[in-house]
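Chemist: Sharing a model that was predicted from the sequence below.
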Number of protein chains: 2
Amino acid sequence: MIPPIYADQIHHWYLDLQHQICQSLEAIEQESLALDIYQEWQPQQFEKRPWDYAQSGGGQMHILQHGRVFEKAGVNVSCVWGEFAKEFAAKIPGAADDPRFWACGISLVIHPRNPYVPIVHMNTRHIVTTKSWFGGGSDLTPSIPYDADTQIFHQAFKECCDDFDPTYYPKFKAGCDEYFYLPHRKEMRGVGGIFYDYHNTGNFEVDSAFNQSVGKTFLKTYPPIVRRRMAQAWGTKEVQKLQHKRGRYVEFNLIHDRGTQFGLKTGGNIDAILMSLPPTASWAA
Amino acid sequence: MIPPIYADQIHHWYLDLQHQICQSLEAIEQESLALDIYQEWQPQQFEKRPWDYAQSGGGQMHILQHGRVFEKAGVNVSCVWGEFAKEFAAKIPGAADDPRFWACGISLVIHPRNPYVPIVHMNTRHIVTTKSWFGGGSDLTPSIPYDADTQIFHQAFKECCDDFDPTYYPKFKAGCDEYFYLPHRKEMRGVGGIFYDYHNTGNFEVDSAFNQSVGKTFLKTYPPIVRRRMAQAWGTKEVQKLQHKRGRYVEFNLIHDRGTQFGLKTGGNIDAILMSLPPTASWAA
């Protein structure tokens, strides 16, 4: 039963999405050559780092660093299977009595250099134990928020959800607000988006199509938001806001993030798991 | 029973140690005026930020930022009491059936600007539930280690331990190596020191004297280590090592540190709990 018969098909779809996203971000690096504010830096491309999982499977980590527009962008596809450690298995649906699992997904975090360009995260995944489900979402974390950008982002994911079920968007938007929250700071991580987990309507084809649509919506929506802001010049004050927001991003990912915990508990590739951490961050007190 | 009758005495001892440590670090800030390598920065003093605990008691957070030698130094004394939340109480010795607690301690983390001067942490605390114990320790985290500094640090705490019991040092040094370890990186946080917890020999006076001796040993040992290294000029390469080490420090504190978890779970002052985070950090991938 594990891996499922459609494993290759799902895996290749994620790899294709990864390729398209990386191309799209590299194109923005080139476009930025027209902008003097990035003259200190050279346009960068994604470096490909394949890795093997200690049990079975592995991943493709694509990482772009020290770019003009993108200071650090990690786009990771992983497809791993094996058995959960006992105490962890108890917390995973369908794994308490049979710890075998298969998991495949794409996960990305983009840390732009320009404080006016929002940080973004997108992840979609499919997990199989004795149960199976999809999970994922995308959220926008501007250091300096613009209502217009926020609206474009939310509207795109609303349309993506509404194509499948009118109840999805309100539910998954609320899920995002609840999930991307730092209780110890009493702060939202960013301006939200959508978040869903343990998603299984009983119709695999439709659920898989929804999961793919989330990835495609990201690809269609984030690059235009970057292009709206990337020409805005910034100064020291804006960098402070960016570094502060990046600090909060680190706190969320290391203290709360379920994907990070999943990776740490299952012995995944540490560089891929912590790829989400910003290139720099600060904590003024 | 809670707070204990000796509460004020312990609390004032911690406040006095805090005062001495802060004075000692401020003196180094002044001494650095003789060194040109710090000319971009002004000597700084500790800012005092008292805070109230949501239940009873509170703390004195002393924080020095943007200094010459010390980019960020936080020295916090807190004395809090109340009741643990139910699920947390179950994990604390003596609190399962009676969730009342009293806790008093000093905690400091120092992030020097110069990559040749080691980061340091020291904490000693006394906790009372239906049981009572001391805990604490100190560990050194150089970005660029020098065996000589490491030896001075270890020797000082060895002598501190040996004054009480020859079995303490080997045990508490091993405890430190085990505790300040990042399993996800398979790396030690730094070069160690000592770490002890749930320490209760049955002789309160002696245990309290040992706990005080750990604080005094820190005060006598760290400033000379700073003075050995603070005149060494550094460059970009050394800053990268410092930023990398600070990133690891953040990972340890947010993922593993028991004191951070204690603070987050008991609703302590978030600024005091996360005072340990470095002023800046980086994660190159």
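Modeler: On my side now, so go ahead. Numbering: from 1, shown residues only, chains lettered A, B, ... in the order given.
Chemist: Up against chain B, what does the stretch 151-285 of chain A have?
Modeler: Counting by C-beta under 8 Å from any C-beta of the partner chain, the residues of the stretch 151-285 of chain A lying close to chain B are A:184-185, A:243, A:247, A:250-251, A:254-255, A:264, A:270-271, A:273-275, A:277-285. C-beta here means a position set from N, CA and C on the backbone, and glycine is covered the same way.
Chemist: Now do the helices in chain A.
Modeler: Secondary structure of chain A, counting by DSSP state H: helices at A:7-31, A:86-89, A:147-162, A:168-179, A:204-229, A:236-251, A:258-265, A:270-273.
Chemist: Tabulate those helices in a markdown table, adding columns for mean neighbour count.
Modeler: Below are those laid out as a markdown table (neighbours: other C-beta atoms under 10 Å in any protein chain shown):
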| stretch | mean neighbour count |
| --- | --- |
| helix A:7-31 | 17 |
| helix A:86-89 | 13 |
| helix A:147-162 | 18 |
| helix A:168-179 | 18 |
| helix A:204-229 | 18 |
| helix A:236-251 | 19 |
| helix A:258-265 | 18 |
| helix A:270-273 | 20 |
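Chemist: Worst mean pLDDT among the ones you listed?
Modeler: Lowest mean pLDDT within the helices of chain A: helix A:258-265, a mean of 82.
Chemist: for the residue in the stretch 101-250 of chain A that chain B sits nearest to, phi and psi?
Modeler: The minimum distance from the stretch 101-250 of chain A to chain B, using C-beta to the nearest C-beta, falls at A:H184 (5.3 Å). Note on A:H184: its backbone torsions stand at phi -70, psi -20 [degrees, to the nearest 10].
Chemist: Can you read off the pLDDT for it?
Modeler: Looking at A:H184, its pLDDT is 91.
Chemist: What residues does it make contact with?
Modeler: Applying C-beta atoms under 8 Å, 6 or more residues apart in numbering or on different chains, one finds that A:H184 lies in contact with A:E251, A:I255, B:L264, B:I270, B:I273, B:L274.
Chemist: Counting neighbours, what do you get for the spatially closest residue to the second one that is not a sequence neighbour?
Modeler: Okay, so that is A:I255. Excluding the flanking residues, the one nearest A:I255 by C-beta to C-beta, 6 or more residues apart in numbering or on different chains is B:L254, at 5.3 Å. Neighbourhood size, B:L254 [other C-beta atoms under 10 Å in any protein chain shown]: 21.
Chemist: hang on, B:L254 packs against A:R248?
Modeler: No: contact criterion C-beta atoms under 8 Å: B:L254 and A:R248 do not qualify, at 11.6 Å.
Chemist: can you give me the strands for the stretch 1-150 of chain A?
Modeler: Assigned by DSSP state E, counting those that start in this stretch, the stretch 1-150 of chain A shows strands spanning A:47-52, A:56-65, A:70-83, A:100-112, A:119-128, A:132-141.
Chemist: In CSV, list the ones you listed along with distance to chain B.
Modeler: Shown next, in CSV, are those (distance: least, C-beta to the nearest C-beta, whole Å):
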stretch, distance to chain B
strand A:47-52, 9
strand A:56-65, 5
strand A:70-83, 6
strand A:100-112, 10
strand A:119-128, 14
strand A:132-141, 16
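Chemist: Quick one, grab the pLDDT at the residue most central in space within chain A.
Modeler: The structure's chain A has its C-alpha centroid closest to A:M122; by C-alpha atoms, centre = their mean the separation is 2.7 Å. Confidence at A:M122, expressed as pLDDT, is 98.
Chemist: Can you name the residues bridging to it?
Modeler: Taking DSSP bridges, one obtains A:L108, A:S138 as the residues bridged to A:M122.
Chemist: And the one 4 residues further on, by the same measure?
Modeler: Beta-bridge pairing of A:H126, defined through DSSP bridges, involves A:C104, A:F134.
Chemist: Verify the stated contact: it with A:G105.
Modeler: Yes: applying C-beta under 8 Å as the test, A:H126 and A:G105 come out as touching, 6.5 Å apart.
Chemist: For A:K86, which non-adjacent residue is spatially closest?
Modeler: Nearest non-adjacent residue to A:K86, counting by C-beta to C-beta, 6+ apart: A:P99, 6.8 Å away.
Chemist: cool, A:W41 as well?
Modeler: With sequence-adjacent residues excluded and distances taken as C-beta to C-beta, 6+ apart, A:W41 is closest to A:R68, at 4.5 Å.
Chemist: now do A:P93
Modeler: Leaving aside its chain neighbours, A:P93 sits nearest to A:K131 (4.9 Å; criterion: C-beta to C-beta, 6+ apart).
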